[in-house]
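Engineer: take a look and give me a structure for this.
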Amino acid sequence: MEQRKHLSRHCVYDLPFANACWLHQGKIMMLKNPATKYTAFPPVKLDDRQWPGRTLTQAPVWMSTDLRDGNQALFEPMNVERKMRMFKRLCAIGVKEIEVAFPSASQTDFDFVRKLIEGKHIPDDVTIEVLAPAREELIRQTFEALKGVRRAIVHIYNATSRPFREIVFGMEKPEVMQMAISAVQLVRQISEEYPETEWVLEYSPETFTATELDFALEICDAVTDIWGATPERKIILNLPTTVEMSTPNVYADQIEWMHRHLARRDSIIISLHPHNDRGTAVAAAELGLMAGADRVEGCLFGNGERTGNVDLVTVALNLYTQGVWPDLDFSDINAVARDFEHCTRLPIHPRHPYVGDLVFTAFSGSHQDAIKKGFSQQCPEKKWNLPYLPIDPADLGRTYESVIRINSQSGKGGIAYLMETEYGVAMPRRLQVEFSSVVQCQTDAEGGEMEAADIWTLFSKTYLDNELPIRYVKHHLFEEGTQQGIELTVEKNGETRALTGRGNGPIDAAVHALGAFGFAVQVRSYEEKSMGKGEDAKACAFMELMLASGGRECYGVGIDANIVTASIRALISGVDRLTAPA
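Structural biologist: Numbers count the residues shown, from 1 in each chain. Below is the predicted model of the structure:
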C-alpha cells in the first residue's frame, strides 16, 4: 500500500485515494471509496440496436414547458405579464404545443389558463397543455381550468420506479399500475362530458429511466388501451429522464426498446423529456429521436429544475446546422434571448451555444485570421463552410465580431476593466463587444497602443459627445391619464425642435416622441448603473436599440445626475449612432 500522506492536520488520504480519512479526537476515521456508494446503471439488452446507424432527417414535434417546468424552477416565478410575454414569444417562434401551467397546484396557474382561454390568446394552430398528478380531485380541478378550450393536452403522471414505489408510495407494482389506470379512466370519462373540446391524453411514467423496462411497457400499454388510442386519436407517452442517470446511449436503448415493443405503436407519439443532471440532455434528446421518438419537451436555453431541462434552442439549431429545417424560427435570436431574460430574470451565459454574447466573437488572432479568410472565400450560393463557425451568425440575426486585446490574457486588456476601474463605467457585455471593435478600428488606423485616457476620449466621442447630430437640450414630464407624457427638446443641425410623446413610462414616451420626429426605434435592452458615491454620484444608462424597420443593433449611453435624464440621453445617443452613415 502507498504510504499514507498527511495533506493537512484534519485530513489524510491513502494514495491513490482509495480511502479518505480524517482525524477526530485523535482517531483516524475511515470512509470507504465514495464511488462505492453508487451503482452503475445496467445496460439494456438490445444486441441489434438500430439507432447508431440512423440520421435525423426531420424536426420532431416541439413542446415547450417554459411556463410550467421552467417556471417552477425560478427564484421568482413569472407573474401574469411575464407569462403572457413568454407565451407570445413561444408562439412567435413557432412552438405548436405549450405546457402553460399546473392549474391544480396554484390559483395563479389556474387563473392564467382561464386568461388564455377567455381572452382568446391561443392561436388556432397552437395547443396548450396542462399537468396534473394521477389524483382524482386534482384531475377534476384541471378540467375546470380548461373549460371552453378548443383543443388541449391533459398530461397525467405518476412515478413508477422502485425507489418511489418503496420509499414514497409504499406500494407494490399492481397498486402503482392501478393508480395510472384509475387516473386515465377518469380523464376519459370527464373528457367525454366536454365534446366541444378536442382532448389529447399525455401519460408520463415519471422516473421512467429508473423503472424496469418490462414494467414501464406494461403500464404504458395499459393506459394506451384504456384511452382507446387509435392512429387517428393518438396518445402521447412521455418517457422522461426525470433525473439523468446514465449515458445518452443507454437512454437511446431504452427508447428503442419501448419503440419496438409497445403494443399500439401506430397509435402512440413517443415524447422525450430529458433533464440535464449529467450535462448530456441535448445528446440524450438527439439519440432518443434516432431511437424512434417523435417529440421533444424542454425549455428555451435549458431552464428547469436542478441543472435544467433539455435546451430546445440548441437541439433545434443543431438540426439546422445539419441541413434539417427545425420548424422553429430563431432568425432574431437576440429578441428571443432578451424576452427570456426579462421573463425568467435569469442571465444567459456568454458562452451558451448559438445565443451567448461571445459565441460569435473571436479573441484569438489565429481564429480571427482563419475566419477572415473563410469569409473572403465563402460564396452565397455554396454550402456554409467557415473555420470555427458552424453556423452563419446572420441566420440568427447576429454578426461575427473580431475582438482583440480586451481579455485578461491579451496583456492590454482590459478595455472593460480600465473603463470600470478608471472611470466607473461598468459596461454590459454586449456593449463591451461593440466598443472593443471601435477601439480596434482606432488602433488599426493609427497604430500603437491606447492608454486609459485615450480609451475614455474615444468612448466619449462615440457615445457621449455633444456634437452628435441630435443633441439633448431638456425635457419635461407630465401625466395624462394612465400614460406618461414627455415634452422633449432636441437640437438637430443647429435647429431646436420641441417633440411630444406618450407611453407607459418616460423612456417609452421619449421613444414615441422621437418616432414622430422620424426616428422610429425599438429598445432591446436597458441597464442603469451608478457612477461614484454620495452627492457626486451619477447615473449611467445603457440602452440597446434597433431601428423599428429592422437592421443592426447598437448601444447608446447617457450620463447624468438624474436617472431619467441619463436614460433619455442614452436613447438619443443610440438614435444618433443608428442613423449615422455606416
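Engineer: surely Arg502 and Gly481 touch.
Structural biologist: No - assessed by CB atoms under 8 Å, Arg502 is found out of contact with Gly481, at 9.0 Å. All C-beta spots, glycine's among them, are computed from the backbone N, C-alpha and C.
Engineer: and those two? which has more neighbours close in?
Structural biologist: The residue with more neighbours, out of Arg502 and Gly481, is Arg502; 15 against 7, by other CB atoms under 10 Å.
Engineer: would you say Ser436 is within a helix?
Structural biologist: Yes - residue state for Ser436 (DSSP: H, G, I helix; E, B strand; the rest coil) corresponds to a helix.
Engineer: can you tell me the helix or strand for Ala541?
Structural biologist: strand 538-547 (DSSP states H and E).
Engineer: got the CA coordinates for that strand in CSV?
Structural biologist: The C-alpha coordinates for strand 538-547 follow below in CSV (Å, rounded to 0.1, in the frame of the first residue of the first chain):
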residue,chain,number,x,y,z
LYS,A,538,-24.2,60.0,-11.3
ALA,A,539,-26.4,57.6,-13.2
CYS,A,540,-25.0,55.8,-16.3
ALA,A,541,-27.7,54.4,-18.6
PHE,A,542,-27.1,51.9,-21.3
MET,A,543,-29.7,51.3,-24.0
GLU,A,544,-29.5,48.8,-26.8
LEU,A,545,-31.6,49.9,-29.8
MET,A,546,-32.7,48.7,-33.2
LEU,A,547,-34.5,50.5,-36.0
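Engineer: mind listing what it pairs with, with the direction of each?
Structural biologist: strand 521-531 (antiparallel), strand 553-560 (antiparallel) (DSSP bridges).
Engineer: residues of it that come out buried?
Structural biologist: Residues of strand 538-547 classed as buried: Ala539, Cys540, Ala541, Phe542, Met543, Glu544, Leu545, Met546, Leu547 (neighbour count, 16 or more other CB atoms under 10 Å).
Engineer: the second one is in contact with Gly532, isn't it?
Structural biologist: This points to Cys540. No - in this structure, Cys540 is not within contact of Gly532 by CB under 8 Å, at 9.7 Å.
Engineer: common neighbours of these two, please.
Structural biologist: Gly424 (CB atoms under 8 Å, 6 or more residues apart in numbering).
Engineer: rebuild the buried residues of strand 538-547 as JSON lines, extending it with distance to Arg345 and pLDDT.
Structural biologist: As requested, the buried residues of strand 538-547 are arranged in JSON lines below (distance: CB to CB, whole Å; pLDDT from 0 to 100):
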{"residue": "Ala539", "distance to Arg345": "22", "pLDDT": "92"}
{"residue": "Cys540", "distance to Arg345": "22", "pLDDT": "95"}
{"residue": "Ala541", "distance to Arg345": "20", "pLDDT": "95"}
{"residue": "Phe542", "distance to Arg345": "18", "pLDDT": "97"}
{"residue": "Met543", "distance to Arg345": "19", "pLDDT": "96"}
{"residue": "Glu544", "distance to Arg345": "18", "pLDDT": "95"}
{"residue": "Leu545", "distance to Arg345": "22", "pLDDT": "94"}
{"residue": "Met546", "distance to Arg345": "23", "pLDDT": "92"}
{"residue": "Leu547", "distance to Arg345": "28", "pLDDT": "89"}
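Engineer: could you identify the most distant pair in the residues you listed?
Structural biologist: Ala539 and Leu547 (25.8 Å; CB to CB).
Engineer: C-terminal to the host helix or strand of Ala316, what's the next element?
Structural biologist: Secondary structure from DSSP H and E places Ala316 in helix 312-321. The C-terminal neighbour of helix 312-321 among helices and strands, as given by DSSP H and E, is helix 333-344.
Engineer: tell me what the helix or strand that that following helix is followed by is packed against?
Structural biologist: Sequence-wise, the next helix or strand downstream of helix 333-344 (DSSP H and E) is strand 361-362. The contact analysis (3 or more CB pairs under 8 Å, 6 or more residues apart in numbering; DSSP states H and E) places strand 361-362 against strand 401-402.
Engineer: quick check: buried residues in the helix or strand just after the strand it packs on?
Structural biologist: The C-terminal neighbour of strand 401-402 among helices and strands, as given by DSSP H and E, is helix 415-423. Going by neighbour count (16+ other CB under 10 Å), the buried part of helix 415-423 is Ile415, Ala416, Leu418, Met419, Tyr423.
Engineer: where along the stretch 451-582 of the chain do the helices fall?
Structural biologist: 452-459, 506-516, 563-579 (DSSP state H, counting those that start in this stretch).
Engineer: same question for the stretch 201-350 of the chain.
Structural biologist: So, for the stretch 201-350 of the chain - with DSSP H, counting those that start in this stretch - the helices run 213-227, 248-261, 281-290, 312-321, 333-344.
Engineer: just these: most buried one?
Structural biologist: Highest mean neighbour count among those (mean count of other CB atoms under 10 Å): helix 281-290, with a mean of 24.
Engineer: and it, what's its mean pLDDT?
Structural biologist: On average, the pLDDT along helix 281-290 is 98.
Engineer: the closest residue to Glu172 other than its chain neighbours: what's it in contact with?
Structural biologist: Spatial nearest neighbour of Glu172, excluding adjacent residues (CB to CB, 6 or more residues apart in numbering): Arg165 at 6.9 Å. Arg165 makes contact with Ala159, Met171, Glu172, Lys173, Val176, according to CB under 8 Å, 6+ apart.
Engineer: tell me the confidence at the most centrally placed residue in the chain?
Structural biologist: Geometric centre of the chain, nearest residue: Phe301, 2.5 Å, by CA atoms, centre = their mean. Looking at Phe301, its pLDDT is 98.
Engineer: so how far is Asp332 from the residue nearest to Phe519 when sequence neighbours are not counted?
Structural biologist: Among residues not flanking Phe519 along the chain, Val575 sits closest, at 4.9 Å (CB to CB, 6+ apart). According to CB to CB, to the nearest Å, Val575 and Asp332 sit 20 Å apart.
Engineer: those two: who's more crowded?
Structural biologist: Each of Val575 and Asp332 has its neighbours counted (other CB under 10 Å); Val575 has more, 27 against 17.
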